[in-house]
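J.: pasting the sequence and the predicted model now:
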Amino acid sequence: MNQKYHSPEKDNYPGSKNSLNVLQSIIYCIFSYICTLIYNYTGISTMITVNNLDLQFGKRILFQDVNMKFTPGNCYGIIGANGAGKSTFLKIISGEKDPTRGAISMGPGERLSVLSQDHFAFDEFTVLNTVLMGHRELWAIMNEKNGLYAKPDFTDADGIRVSELEEKFAEMEGWNAESDAASLLSGLGIKETLHDCMMKDLSGKQKVRVLLARALFGQPDNLLLDEPTNDLDLETVGWLEQYLSNFEHTVLVVSHDRHFLDSVCTHTVDIDFGKLQMFAGNYSFWYESSQLALRQQQQQNKKAEEKKKELEEFIRRFSANVAKSKQTTSRKKMIEKLNIEEIKPSSRRYPGIIFTPSREPGNQILEVKGLTKSIEGEILFRDFNFNVEKDDKIVFISRDPRAMTAFFRIINGEEPADAGAFQWGQTITTAYLPLDNAAFFNSDYNLIEWLSQFAQDTNEVYLKGFLGRMLFSGEELLKKVNVLSGGEKMRCMISRMMLKDANTLILDTPTNHLDLESIQAFNNTLRTYKGNVLFSSHDHEFIQTVANRVIELTPNGIIDKMMEYDDYISDPTVAALREKLYK
Ligand SMILES: Nc1ncnc2c1ncn2[C@@H]1O[C@H](COP(=O)(O)OP(=O)(O)O)[C@@H](O)[C@H]1O
Ligand SMILES: [Mg+2]
């Protein structure tokens, strides 16, 4: 890489008025030459350094005294509750927002790029130009150069300027820019026929991919991504995981997607209680190790050596698992650096999600015969036959997410099928979490009143118990339900489900709007749940760890496999079948 050192003072040099100035410039030249050598041979001078950072809005302190270094080759996953300040932290690093106190510094001449969250900002540009513009300096040079060439009265001065620009352009490997941008786009599944289209003519999914290409274009030294997997399909998420685990520079990423965090992160930065704490290891390592440390803290009579041994054993087991995974060597190196001293109990609060079936399901659970459904003339599924077997935890997937929602609504009696029938077993009791819960929250009940609508026992203490497990307490219980945020509504809906003691759960995209703690708690409980689960989800980890059966709904039939999700998506016969069925 061609990185040059720039000093703002150098350009303002007031000429060599005296020998001191000459000496200074010689020293400066030698110094920058050495710096360049160090940089070129080791790369160690590139990093983001955060010094004594504070941020507060009015009286509210988001974080205080943050001192941290982010170094190349590492990917930092930033986690924290909604509103903890994750996006704000990234904005301070990118310079979009000023901190209350403190400073951010980067290596000299380093480029930083941000994955834009605004999906409409580039509507009036072509796809290829949107990507090229990601390298601001290069884009400016290209524009100025082209402007000069197009001048009818091209002067000598213009000639000199153009040659300067051409030199810079060549230095930045500008001649490869368009082909680099095009191959980046094609790698992301944006075909060449689309490269000259306007951004506004692209679908939402395609736009996200172009914005990704824009952020990655020109190999920035530092890459900031704020929830990049939102609105991405699982296939593109997989591509991004692969790309980032091979990325040699510094990445900071905010995400609620555990599979994504685990595949790309070498470090975890937790924003909690106004502090930022950095840990070596990915999300799972942070979660599992801090839970283990928490259990140890509670076992007071256990000897310190035993605790240490247990933690060491944990690191050993964890490292063995990472080594088996598909990650690249640079990412694997992180496990060599895992340090037992860093393992601390988590201060996070996890909701207590527990579903206890009041009776065991019998053998007849759900029988579906010849079910067919279409929306506005488009077939979602046709002649769909299957039986739910004992212990089945089934994930339903489809390229058309409306298929799952329609199926769940049908078996819950909320809408009729076009044809076919279904039959629930005698022993089966269901609890259903619909995709759209707006209709539940039209009243101005408070939380306790709201939940009492669904309970046989309306004792306040009893109801508060269920809300408390979803981390609602005190004043919050008296909030009106119609003002709740998306995440809070989900937590209410989960309290309602827990009341039912059902032996079959039907969950339409249950992780929507939930924070990492709730997702983790929900995920854990479903793994050990002693009933049947029928669900759909965008969360790879959730699907992989809960489902033991995969059913894919297509307009031309279903694929029904008793296997885990990772095996399903990597199975070549399944892949061939899918291509045939979606035609
Ligand atoms: N300009 C602002 N003035 C006051 N409060 C703000 C401002 N910008 C963000 N906030 C608040 O700061 C908190 C952190 O926001 P954000 O960084 O977006 O959280 P996160 O990304 O972790 O969900 C939120 O409670 C938000 O409402
Ligand atoms: Mg945010």
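T.: Happy to help now that I have it. Ligands and ions are numbered 1, 2, ... in the order given.
J.: check contacts around Glu192.
T.: Taking Cβ atoms under 8 Å, 6 or more residues apart in numbering, we find Glu192 in contact with 182, 185-186. For the C-beta atoms, the positions are set from N, CA and C on the backbone; glycine is no exception.
J.: can you put the residues you listed in CSV and add pLDDT, secondary structure and distance to ligand 1?
T.: As requested, the contacts of Glu192 are exported to CSV (pLDDT from 0 to 100; DSSP: H, G, I helix; E, B strand; the rest coil; distance: Cβ to the nearest ligand atom, whole Å):
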residue, pLDDT, secondary structure, distance to ligand 1
Ala182, 95, helix, 33
Leu185, 93, helix, 29
Ser186, 90, helix, 32
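J.: any of those buried? List them.
T.: Buried by 16 or more other Cβ atoms under 10 Å: 182, 185, out of those.
J.: make CSV from the contacts of Glu192 and add distance to Arg136 to it.
T.: Output for the contacts of Glu192, formatted as CSV (distance: Cβ to Cβ, whole Å):
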residue, distance to Arg136
Ala182, 19
Leu185, 19
Ser186, 23
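J.: what sits against the nearest residue to Gly486 once chain neighbours are set aside?
T.: What sits nearest to Gly486 in space, not counting adjacent residues and going by Cβ to Cβ, 6 or more residues apart in numbering, is His513, at 3.7 Å. Going by Cβ under 8 Å, 6+ apart, His513 touches 485-487, 489-490.
J.: also Tyr582?
T.: With Cβ under 8 Å, 6+ apart, Tyr582 has these contacts: 399, 554-556.
J.: what about 10 Å?
T.: 398-400, 552, 554-556 (Cβ atoms under 10 Å, 6 or more residues apart in numbering).
J.: same list, those, but as CSV with pLDDT and neighbour count please.
T.: Shown next, in CSV, are the contacts of Tyr582 (pLDDT from 0 to 100; neighbours: other Cβ atoms under 10 Å):
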residue, pLDDT, neighbour count
Ser398, 93, 21
Arg399, 87, 13
Asp400, 88, 17
Glu552, 97, 22
Thr554, 95, 23
Pro555, 95, 17
Asn556, 95, 12
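J.: which among the residues you listed gets closest to Asn146?
T.: Arg399 (41.7 Å; Cβ to Cβ).
J.: name the helix or strand for that closest one, please.
T.: Using DSSP states H and E, Arg399 is not contained in any helix or strand.
J.: next up, the contacts around the residue of the stretch 401-550 of the chain found nearest ligand 1.
T.: Per Cβ to the nearest ligand atom, Asp515 is where the stretch 401-550 of the chain lies closest to ligand 1, at 9.0 Å. Asp515 makes contact with 79-84, 256, 348, 351, 487, 490-491, according to Cβ under 10 Å, 6+ apart.
J.: where's the most centrally placed residue in the chain relative to Tyr350, distance?
T.: Residue closest to the average C-alpha location in the chain (Cα atoms, centre = their mean): Ser255, at 3.2 Å. Ser255 is 18 Å from Tyr350, where distance means Cβ to Cβ, to the nearest Å.
J.: ok, Ala140 next?
T.: Relative to Tyr350, and taking Cβ to Cβ, Ala140 is found at 49 Å.
J.: tell me which of these two has more neighbours.
T.: Neighbour totals were compared for Ala140 and Tyr350, and Tyr350 leads with 16 against 13 (other Cβ atoms under 10 Å).
J.: got the contact list for the more buried one?
T.: 287, 291, 471, 516-518, 520-522, 524.
J.: give me phi/psi at the nearest residue to Val251 once chain neighbours are set aside?
T.: Counting by Cβ to Cβ, 6+ apart, the nearest residue to Val251 once its immediate chain neighbours are dropped is Cys75, at 4.1 Å. Main-chain dihedrals, Cys75, degrees, to the nearest 10: phi -120, psi 120.
J.: from what I see, Cys75 and Tyr243 are in contact.
T.: No - counting by Cβ atoms under 10 Å, Tyr243 is not a contact partner of Cys75; they are 11.1 Å apart.
J.: quickly find the element holding Val533.
T.: Taking DSSP H and E as the criterion, Val533 maps to strand 532-536.
J.: and that strand, what does it pack onto?
T.: Here strand 532-536 touches strand 378-388, strand 393-397, helix 402-411, strand 430-433, strand 504-508, helix 516-528, helix 540-546, strand 549-554, going by 3 or more Cβ pairs under 10 Å, 6 or more residues apart in numbering; DSSP states H and E.
J.: picking up where we left off before, could I get the contacts of His513 as TSV with neighbour count and secondary structure?
T.: TSV is the format used below for the contacts of His513 (neighbours: other Cβ atoms under 10 Å; DSSP: H, G, I helix; E, B strand; the rest coil):
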residue	neighbour count	secondary structure
Ser485	11	coil
Gly486	11	helix
Gly487	15	helix
Lys489	17	helix
Met490	22	helix
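J.: please list which of the residues you listed also come close to ligand 1.
T.: When Cβ under 6 Å from any ligand atom is applied, no member of these is adjacent to ligand 1.
J.: turn those into a markdown table, columns for distance to Met106 and pLDDT.
T.: Formatted as a markdown table, the contacts of His513 follow (distance: Cβ to Cβ, whole Å; pLDDT from 0 to 100):
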| residue | distance to Met106 | pLDDT |
| --- | --- | --- |
| Ser485 | 35 | 87 |
| Gly486 | 35 | 88 |
| Gly487 | 34 | 88 |
| Lys489 | 41 | 94 |
| Met490 | 39 | 94 |
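J.: so for Tyr149, what's the nearest residue that isn't a sequence neighbour?
T.: Using Cβ to Cβ, 6+ apart and skipping residues adjacent in sequence, the residue nearest Tyr149 is Val162, 7.1 Å away.
J.: tally of neighbours for that neighbour?
T.: For Val162, the number of neighbouring residues by other Cβ under 10 Å comes to 18.
J.: also Arg316?
T.: 11.
J.: now do the contacts for Lys52.
T.: Not Lys; residue 52 is Asn. Contact partners of Asn52, counting by Cβ under 10 Å, 6+ apart, are 64-67, 99, 101-103.
J.: looking at the stretch 301-450 of the chain, what residue ends up closest to ligand 1?
T.: Arg348 (14.1 Å).
J.: so who does the residue nearest to that residue when sequence neighbours are not counted touch?
T.: Nearest non-adjacent residue to Arg348, counting by Cβ to Cβ, 6+ apart: Glu517, 5.8 Å away. By Cβ under 10 Å, 6+ apart, the contact list for Glu517 reads 79, 81, 287, 346, 348-351, 471.
J.: give the buried subset of these as a ChimeraX selection command.
T.: If you want just the buried ones from the contacts of Glu517 in ChimeraX, going by 16+ other Cβ under 10 Å, the selection is:
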select :79,81,287,346,348,350,351,471
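J.: quick one: which of the contacts of Glu517 sit in helices?
T.: Tyr287 (DSSP state H).
J.: which residues do Cys75 and Tyr243 both contact?
T.: Residues touching both Cys75 and Tyr243 comprise Val264, with contact defined as Cβ under 10 Å, 6+ apart.
J.: in this structure, where is pLDDT below threshold?
T.: 1-46, 116-117, 231, 322-337 (pLDDT under 70).
J.: which parts of it sit against ligand 1?
T.: Contact residues (Cβ under 6 Å from any ligand atom) of the chain with ligand 1: 57, 62, 80, 82-88.
J.: okay, and which of the residues you listed map to strands?
T.: Judged by DSSP state E, the residues of the chain next to ligand 1 include 57, 62, 80 as members of strands.
J.: of these, which is the nearest to ligand 1?
T.: Of all these, Phe57 has the smallest distance to ligand 1: 3.5 Å, by Cβ to the nearest ligand atom.
J.: ok, how many other residues are close to the closest one?
T.: Using other Cβ under 10 Å, the number of residues around Phe57 comes to 10.
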